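In: structure, please.
(2 chains)
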Amino acid sequence: MAMSCIDNNHIQKFIDGESTPKEAARINKHIAGCENCAASIDHQRDLATRFKKAINLLAEETLEIPGIAVPPAQIKKHFFRAKRLIYVVAAACVLLFILVIRHRKEPEIRDEIITLESGFASGFDANRTVSQQPLIITITDSKGNVSEYFN
Amino acid sequence: MFRVAKKMMGNQDGVSDIVQDVFIDFYNRLTGGNEIRHPQSWLYRVTCNKCIDSLRKQKKFERMEVVGDAFIEPETGNSEDIKEAMNLALGKLSPREKILAVLYSEGLSYREIAEATGIKPASVGKLLSRTLLKIEKEFKDHGYELY
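Out: As a prediction, the model looks like this:
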């Protein structure tokens, strides 16, 4: 082997792609004119490939990973969460139902009564108690009919 | 990690136990407030060290029973023979060489191998080259070729 030939360390780094670009360039340039080093690189590359293939036979057995067992406490927690959710959904349904019913009734009242006014029929008499004051209630419906009620 | 332990232990039992131990150590270390700078390297290193320890313990018992090295019939052939030859070849290596060979076969870069083994990154190539040639020689000594 000549002085400028590549040592085993650099051959190994070269075949494993661990050489610096400068080292790789020097090796490529050298093996173009040195059969011994080119043969050494081929042999070491071949050896590494065969070694990896052979050693991987030792680990070819597949590993079976058992399923994840959830602890009972966690299951219980989930169960209670689900139960609580059912109650919440049921309560929400009832509330929604009530709101829908109320919402349907309101327009009927609005259709019948447009304005509702109340007041004292002939001004406030200071000599009388509130319960003795004559009151008037004026109701105007959707058709424009005005109804007045006195006490 | 299972693959690494499997290669390190060869046909010895206890691979799953070792991997489990490593994960328990890893968990305890993290929950104990300790920082692991390179988790992957740490896991590989601890796995390899536990395998070496386990093999040392098992060897103590084996010495009482086995006289001399096991001999393999020099046949070239099936994967079982190659497995056995590989186990013997790996058994001839020093712990450091064995870890190096196993991690190399897992496709780790030189930097990762250096982190996991504590070997200087600049020395990884030289040691690997020497280790591979040693393994090849062991195969030849037993009448095998690496296929």
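
In: list the buried ones in the least confident helix or strand in chain B by mean pLDDT?
Out: Of all helical and strand segments in chain B, the minimum by mean pLDDT, DSSP states H and E falls on helix B:39-65, at a mean of 79. Within helix B:39-65, the residues that qualify as buried are B:41-52, B:54-55, counting by 16 or more other CB atoms under 10 Å in any protein chain shown. (Glycine included, C-beta is placed from N, CA and C.)

In: closest to B:Ala122 among these?
Out: B:Ser41 (17.3 Å; CB to CB).

In: wait, the closest one touches B:Arg111, no?
Out: No: using CB atoms under 8 Å, B:Ser41 is not in contact with B:Arg111, being 9.2 Å away.

In: quick one: name the residues of chain B near chain A.
Out: Contact residues, chain B versus chain A (CB under 8 Å from any CB of the partner chain): B:2-4, B:6-7, B:10, B:79, B:82-83, B:85-87, B:90, B:101-102, B:104-105, B:109-110, B:124-126, B:128-130, B:132-133, B:135-136, B:146-147.

In: quick one: mean pLDDT for stretch A:40-55?
Out: Mean pLDDT, computed over stretch A:40-55, is 90.

In: residues contacting that stretch, please?
Out: A:6, A:8, A:11-12, A:14-16, A:27, A:31, B:7, B:82, B:85-86, B:90, B:101-102, B:104-105, B:129, B:132-133, B:135-136, B:146-147 (CB atoms under 8 Å, 6 or more residues apart in numbering or on different chains).

In: low-confidence ranges in the chain?
Out: Defaulting to chain A. A:1-3, A:61-68, A:70-79, A:105-113 (pLDDT under 70).

In: to clarify, I was referring to chain B.
Out: Using pLDDT under 70, chain B drops low at B:11-12, B:60-77, B:146-147.

In: ok, now with 50
Out: For chain B, the stretches flagged by pLDDT under 50 are B:66-75.

In: thinking again about what came up before, the following helix or strand past the least confident helix or strand of chain B packs against which elements?
Out: Helices and strands here follow DSSP states H and E; after helix B:39-65, the next one along the chain is helix B:79-91. Helix B:79-91 is packed against helix A:35-55, helix B:95-105, helix B:121-141, with contacts defined by 3 or more CB pairs under 8 Å, 6 or more residues apart in numbering or on different chains; DSSP states H and E.

In: how does it look with 7 Å?
Out: helix A:35-55, helix B:121-141 (3 or more CB pairs under 7 Å, 6 or more residues apart in numbering or on different chains; DSSP states H and E).

In: which of those helices sits most buried?
Out: helix B:121-141 (a mean of 18; mean count of other CB atoms under 10 Å in any protein chain shown).

In: which of the contacts of stretch A:40-55 are buried?
Out: Of the contacts of stretch A:40-55, these count as buried by 16+ other CB under 10 Å: A:6, A:8, A:11-12, A:14-16, A:27, A:31, B:7, B:82, B:85-86, B:90, B:101-102, B:104-105, B:129, B:132, B:135-136, B:146.

In: what's the helix or strand where A:Phe120 lies in contact with?
Out: If you go by DSSP H and E, A:Phe120 is part of strand A:113-120. Strand A:113-120 is contacted by residues A:Gln133, A:Pro134, A:Leu135, A:Ile136, A:Ile137, A:Thr138, A:Ile139, A:Thr140, A:Asp141, A:Ser142 when judged by CB atoms under 7 Å, 6 or more residues apart in numbering or on different chains.
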